[in-house]
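Based on what follows, work out the 3D shape:
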Amino acid sequence: MFPERLEAPQAYAIAQAMLDGFNRHYRLFRAESARAKHRFETADWHGQQRAQRERIEFYDLRVKECVRRLDKEFGAGALPMAVWHQAKLHYIGLLVNHLQPELAETFFNSVTTKILHRTHFQNDFIFVRPAVSTEYLESNAPGARPTYRAYYPQGGALEDCVHALLQDCALQRPFEGLPRDVARVAAAIRQQLGGSTLRSNFQLQVLSSLFYRNKGAYLVGKLINGHVELPLALPILHGQQGGLVIDAALFGEDDLQMLFSFARAYFMVDMEVPSAWVQFLRTLMPRKPRGELYTALGLAKQGKTLFYRDFLHHLRYSSDRFRIAPGIKGMVMLVFDLPSFPYVFKLIKDRFPAPKDTTRAQVQAKYLLVKQHDRVGRMADTLEYSLVAFPRARFSEELIAEIRQHAPSQIEISDRDGDGQEEVIIRHLYIERRMIPLNIHLQECFDAGLEQPDAAQALEHAVADYGNAIKDMVAANIFPGDMLWKNFGMTRHGKVVFYDYDEIEYLTDCHFRRVPAPRSEEDELSGEVWWPVGPRDVYPETFAPFLLGHPAVRDAFLRHHADLLDPAFWQSHQERIRAGHVYDVFPYDQARRFAAGRTIGAQVSSLAPSVRVLP
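Residues are numbered from 1 along each chain as shown. From the prediction side, this is the model:
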């Protein structure tokens with residue numbers, strides 16, 4: 001298609017400019033991630049949250065910088081396609097000894113797709129497929145840290161092994177009781193081994209930098225004993241006396257999956273060779289897609305790239321059709337899915353019926369708020385895409401009609417290649433992990449019969465964790481707005497997660513009020529709201545009629561979360577947040593904590609069981 005000789009004079013300079021742009025991005029990204037250690041050591045919790053939020057914006061800023069440079073120096077938009085093809089080939093050559101080649105390829109895509117028309121989004125011009133291998137990629141630079149360190153107990157002294165790996169974290173803040181914590185970790189490991197002796201190959205392998213998020217630091221690795229490999233994570237927190245404590249020992253894939261959940265904020269971790277970190281993490285969580293691991297490490301654009309490649313692969317090897325997603329249709333978002341694929345696709349409708357009073361820009365701002373906020377394990381992360389092409393043959397006629405009716409501005413059907421194979425182009429959409437809507441889950445419990453112990457227990461758990469989800473969001477200064485069951489989902493781990501963000505607000509921006517006493521008998525008998533309601537006024541006493549219609553649901557809710565119906569609950573947490581207190585929501589149950597029998601911080605009994613607060 002193009003001449004093999006790389007003769008275009010601008011091509012190499014364009015490739016070098018794009019790599020310069022990426023290198024600047026990753027240098028800033030890594031520096032900000034490395035500073036998380038100091039913020040943790042100095043208990044700068046607000047600074048940590050601010051850095052987590054601001055770092056998300058780094059990538060798009062660097063892409064815009066690079067696009068402006070290419071336009072200014074090369075007139076990028078007017079260059080022949082042969083130049084772009086050669087620029088890609090030069091770029092591949094520049095990545096041969098690069099330590100983040102997969103990220104650099106994605107950066108090239110991000111810049112190029114801002115300049116070229118979508119008809120050129122193909123492997124000749126962008127990296128639809130990766131070109132540079134990351135297998136066995138490690139830094140050979142003098143003094144470079146290895147991806148992970150291995151520790152071997154000398155003479156069976158497991159405590160010495162644990163002590164050494166904690167000391168090598170080099171945290172500039174002392175532990176409150178290091179011998180005690182070392183003994184607890186060693187005892188937990190022995191318990192996991194079930195009394196097995198330490199084999200000759202016993203070792204603890206831990207990643208060489210800690211993972212920082214909010215008020216915690218996490219040492220992540222695995223233990224190897226004979227043929228057993230067991231994932232391990234040690235949460236490190238600040239204790240009541242100001243020193244550090246090992247708060248728990250987490251073991252196994254399920255514990256690590258919760259720690260790296262798609263409903264939590266991204267980690268800050270200093271990585272020179274991110275592909276090597278992902279490869280190690282895949283040995284701990286083999287069922288977790290590589291894209292989700294990159295995203296959890298703060299490399300969300302790489303996560304999107306890998307997700308899209310996985311999606312295209314799935315389309316190639318499946319034959320079912322996209323459909324309108326099961327469940328109650330939303331007023332703001334149109335949702336569709338592919339039954340064989342564990343995600344849902346959401347696009348904003350063009351018009352919103354009353355009583356919705358919002359705009360497309362406001363809805364997008366809400367989703368961005370959640371992306372940048374601490375999601376505390378209760379708000380699903382979203383992947384945001386523009387100009388996504390789907391095979392027209394895979395769309396049901398009902399779904400095409402639904403999109404044309406409710407979001408005509410978001411759909412285009414074209415035959416790009418003139419081969420009769422039409423494509424559906426969606427201009428803007430969000431993609432989320434599919435969950436069972438909570439209203440459907442509850443209905444399944446009703447249908448099974450609550451006289452059945454399993455159904456009754458499932459309902460009790462769902463209602464209790466629904467309240468826990470709300471309280472975890474309260475801890476993160478988030479009011480969900482629309483608290484109906486249909487806006488929450490149940491994950492495969494049995495955790496309730498919120499996913500409808502168009503009415504979300506900061507808790508501290510809301511006004512929680514009591515319903516005023518009726519002024520007359522007419523007021524008391526009226527089925528309508530007779531008192532004035534401001535745009536951010538919330539009356540928790542009115543939640544019950546909308547949420548607790550079924551007696552079994554009402555009884556379970558009142559057993560666990562009656563305080564959610566009291567304005568005082570909401571007001572008290574507003575006061576604490578406004579006073580500067582930062583809640584810590586654990587990615588594990590309270591029962592897992594070594595500190596369960598002693599007080600590290602003031603336990604907040606009115607919040608979810610996984611929440612505590614430190615001053």
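
tell me which element the nearest residue to His550 once chain neighbours are set aside falls in.
Excluding the flanking residues, the one nearest His550 by C-beta to C-beta, 6 or more residues apart in numbering is Phe446, at 7.3 Å. To be clear about C-beta, it is placed using only N, CA and C from the backbone, and glycine gets the same treatment. Assessed by DSSP states H and E, Phe446 sits inside helix 438-448.

now do Leu429
Using DSSP H and E, Leu429 maps to strand 423-433.

related to what we said a few turns ago, next one: the residue nearest to His550 relative to Ile440, how far apart?
11 Å (C-beta to C-beta, to the nearest Å).

tell me, how many neighbours does the residue nearest to His550 end up with?
When neighbours are counted by other C-beta atoms under 10 Å, Phe446 registers 13.

One more: the one 10 residues further on?
Counted with other C-beta under 10 Å, the burial measure for Ala456 works out to 16 neighbours.

Kindly report the same for the one 5 residues further on.
Residue crowding around His461 was assessed by other C-beta under 10 Å; the count is 17.

hang on, the earlier thing: how much space is there between the residue nearest to His550 and Pro551?
To Pro551, Phe446 is 11 Å away according to C-beta to C-beta.

ditto for Val585
Val585 sits 31 Å away from Pro551, going by C-beta to C-beta.

who has more neighbours, these two?
Using other C-beta under 10 Å as the criterion, Val585 and Pro551 rank with Val585 on top: 25 against 9.

and the more buried one, backbone torsions?
Note on Val585: backbone dihedrals following degrees, to the nearest 10 are phi -100, psi 120.

my guess is it contacts Met473, does it?
No. Val585 is beyond contact range of Met473, at 9.2 Å (criterion: C-beta atoms under 8 Å).

So for the two, which residues contact both of them?
Here Val585 and Met473 have Val376 as joint contacts, going by C-beta atoms under 8 Å, 6 or more residues apart in numbering.

does Gln241 sit in a helix, a strand or a coil?
Judged by DSSP: H, G, I helix; E, B strand; the rest coil, the three-state class of Gln241 is coil.

Ok, Gln279 next?
Assigned by three-state DSSP, the conformation of Gln279 is helix.

how many neighbours does it have?
Neighbour count for Gln279, taken as other C-beta under 10 Å: 17.

Can you list the residue ranges for helices in the stretch 351-500 of the chain?
360-372, 397-406, 438-448, 453-475 (DSSP state H, counting those that start in this stretch).

Adding mean pLDDT, write those out as JSON lines.
Putting these into JSON lines (pLDDT from 0 to 100) gives the following:
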{"stretch": "helix 360-372", "mean pLDDT": "93"}
{"stretch": "helix 397-406", "mean pLDDT": "96"}
{"stretch": "helix 438-448", "mean pLDDT": "95"}
{"stretch": "helix 453-475", "mean pLDDT": "95"}
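
Just tell me which of these ends up closest to His313.
helix 397-406 (22.1 Å; C-beta to C-beta).

Please, which helix or strand holds Phe29?
Residue-wise, Phe29 maps onto helix 11-34 under DSSP H and E.

and the next helix or strand after that helix, what other elements does it pack with?
Remark: after helix 11-34, the chain's next helix or strand is helix 36-41, criterion DSSP H and E. On a contact count with 3 or more C-beta pairs under 8 Å, 6 or more residues apart in numbering; DSSP states H and E, helix 36-41 meets helix 45-55, strand 211-213.

which residues does Ile348 bridge with?
Judged by DSSP bridges, the bridge partners of Ile348 are Met333.

what pLDDT does the residue nearest the centre of the chain get?
The centroid of the chain falls nearest to Phe262 when counting by C-alpha atoms, centre = their mean (3.6 Å). Predicted confidence (pLDDT) at Phe262: the value is 90.

Please name the residues that touch it.
Taking C-beta under 8 Å, 6+ apart, we find Phe262 in contact with Glu292, Thr295, Ala296, Ala380, Asp381, Arg433.

List of residues touching the helix holding Phe446?
Residues from elsewhere that reach helix 438-448 (C-beta under 8 Å, 6+ apart): 326-328, 454-456, 458-459, 462-463, 466, 484-490, 496, 550, 553.

What are the buried residues along that helix?
Within helix 438-448, the residues scored as buried using 16 or more other C-beta atoms under 10 Å are Leu438, Asn439, Ile440, His441, Leu442, Cys445.

Report the angle between that helix and helix 453-475.
If you take axes from the mean of the first three to the mean of the last three C-alpha atoms, to 10 degrees, helix 438-448 sits at 160 degrees to helix 453-475.

Dump helix 438-448 to CSV, restricted to CA.
Output of helix 438-448 as CSV, limited to C-alpha atoms (Å, rounded to 0.1, in the frame of the first residue of the first chain):
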residue,chain,number,x,y,z
LEU,A,438,-30.6,-4.9,42.9
ASN,A,439,-34.3,-4.6,42.2
ILE,A,440,-34.1,-7.8,40.0
HIS,A,441,-32.0,-9.5,42.7
LEU,A,442,-34.6,-8.8,45.3
GLN,A,443,-37.4,-9.9,43.0
GLU,A,444,-35.6,-13.2,42.5
CYS,A,445,-35.5,-13.6,46.3
PHE,A,446,-39.3,-13.0,46.4
ASP,A,447,-39.9,-15.4,43.5
ALA,A,448,-37.9,-18.1,45.3
